[in-house]
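Enquirer: sequence and predicted structure below; questions after.
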Amino acid sequence: MIARVRRLRADVLGLNRRNHAYLFGYNARERYRVVDDKQATKAALAAHGVPTPALHAVCDAQWKIRALGERLAASPDFALKPARGAGGAGIVVIVDRRQRLFVKASGAILTRSDLEAHACDVIAGAYSPGGRSDALLVEERIVAEPHLATLAYRGVPDVRVLVFRGVPLLAMLRLPTRRSDGRANLHLGGIGVGIDLTTGRTTFAVRDGRAVTAHPDLGLPLADVGIPAWDDLLRLATAAADAIGLGFVGVDVVLDARRGPLVLELNARPGLTIQVANRRGLRPLLDAVAAATASRSGRRPRRFATWMVSPGRAFSSSTSGPRRASSTTSTPTKPSPIASAAAVASRRRSSQAGMPTSASGSPRSGWAVTARPSRTANVVRPVVKSIPTPMPPRWRFARPSDRRVGSRSMASSGTPRKTSTRTSGTPR
């Protein structure tokens, strides 16, 4: 039992290691804005000739909703998606019409007022991260390939391919269920079925973290099912990852009955349930690809161990814990990247507050920057913390000598006392 647990820990990729070793190491931050916006993703993929579902309309303002409703009333079928939504939230697929009514993929009936109210919610940011204003995309409806459509309950199945540095590592077939409302997202109740990359046939299935052998709504077996056009799906997923420029990304592809393989979207923070569906860990595969690409380019592969220097201590994720830094060395030590980043953040914050900084980047008025290791084992997380002076944080000064002008003076008892003199620009 202990040996099995150790093998799982050595093979299975966790969220912390995924974030620090691969998302931070291989995904450029400026590319996240492209992936997180479906409209920008479509434009980037179209520039590289990667096919996606056709975009019919975009509604990004409340005053455009009435015109959008008139256009939807003349459409027999379509799909509504928030541009910055995630996890399948806010997606409405209309598959049929009954006079003035709209029929969803799950069989539910909607009116035009319902669709316009949904558009209002999307634009107001009900499905975007942080509640920011969003845009509603009207796309063509995907018609599932007949062979795969028999395994899906009132929805379109898709294939999630995990691509690392241009190499597909794992793949799984995602199937809609009654509980997922026609959507294939696993956290909504969908089923994940592992796929053998070599043969393109399904292996194991998982739902809600537990193994299943048959579809809960249809009763059909899920193992040893061939995926049509499997090689084309893999090539399309790799081309999409190269077009966006992310090193570690999950690509959702679908097989349309009319147009063939299409890219639905990309996920810069792919989930890790794909390991459970394939019963195979990602860490050996990632290490092999990193070593192969590094040897081909002549560079050493990146290591997860990250050093961080804090006052009087040095910490490494490859050790069991923090250790005391030697204070008897005569050669000057090179500042770590985290310490340099902390100094830059301190200088930027100090310049905004109008406070003078020292050569090392720390303000002279009592502010300091510290970095400490995370409490999570084998994870190093930089933390930039501001340590204010004993003065109240709402009062800021251009020079230390200005503290007696327009500030609060400290009485002998330590109670702050407000003076009557103020300078221009001092906050009230």
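Expert: Nice, I can see it. Numbering: from 1, shown residues only.

Enquirer: contacting residues around residue 11?
Expert: Applying C-beta atoms under 8 Å, 6 or more residues apart in numbering, we find residue 11 in contact with 280-284. The C-beta positions use only the backbone N, C-alpha and C, and glycine is treated the same way.

Enquirer: list only buried entries from those residues.
Expert: Neighbour counting by 16 or more other C-beta atoms under 10 Å classes 280-283 among these as buried.

Enquirer: still on that earlier bit, show me which pair in the contacts of residue 11 is furthest apart.
Expert: Within the contacts of residue 11, 280 and 283 form the most distant pair, 10.2 Å apart (C-beta to C-beta).

Enquirer: three-state assignment of the closest residue to residue 222 other than its chain neighbours?
Expert: Of all residues not flanking residue 222 in the chain, residue 205 sits nearest, at 4.3 Å (C-beta to C-beta, 6 or more residues apart in numbering). Applying DSSP: H, G, I helix; E, B strand; the rest coil to residue 205 yields a three-state assignment of strand.

Enquirer: just put the contacts of residue 11 in JSON lines and tack on distance to residue 10.
Expert: Listed next are the contacts of residue 11 as JSON lines, based on distance: C-beta to C-beta, whole Å:
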{"residue": "280", "distance to residue 10": "13"}
{"residue": "281", "distance to residue 10": "8"}
{"residue": "282", "distance to residue 10": "11"}
{"residue": "283", "distance to residue 10": "7"}
{"residue": "284", "distance to residue 10": "8"}
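
Enquirer: tabulate those (TSV), appending secondary structure, pLDDT and distance to residue 240.
Expert: Converted to TSV, the contacts of residue 11 look like this (DSSP: H, G, I helix; E, B strand; the rest coil; pLDDT from 0 to 100; distance: C-beta to C-beta, whole Å):
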residue	secondary structure	pLDDT	distance to residue 240
280	coil	93	23
281	coil	93	24
282	coil	95	19
283	helix	93	24
284	helix	93	25
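
Enquirer: which member of these is positioned nearest residue 85?
Expert: Distances from residue 85 to the contacts of residue 11, taken by C-beta to C-beta, are shortest for residue 282, at 26.1 Å.

Enquirer: wait, doesn't that closest one sit right on residue 15?
Expert: No: under the criterion of C-beta atoms under 8 Å, residue 282 makes no contact with residue 15, lying 11.7 Å away.

Enquirer: quick check: neighbours shared by these two?
Expert: Shared contacts of residue 282 and residue 15, defined by C-beta under 8 Å, 6+ apart, comprise residue 272.

Enquirer: one step back: tell me what the residue nearest to residue 222 is bridged to.
Expert: Beta-bridge pairing for residue 205 (DSSP bridges): residue 193, residue 212.

Enquirer: contacts only, for it.
Expert: Shown in contact with residue 205 (C-beta under 8 Å, 6+ apart): 191-194, 211-213, 222-223, 277.
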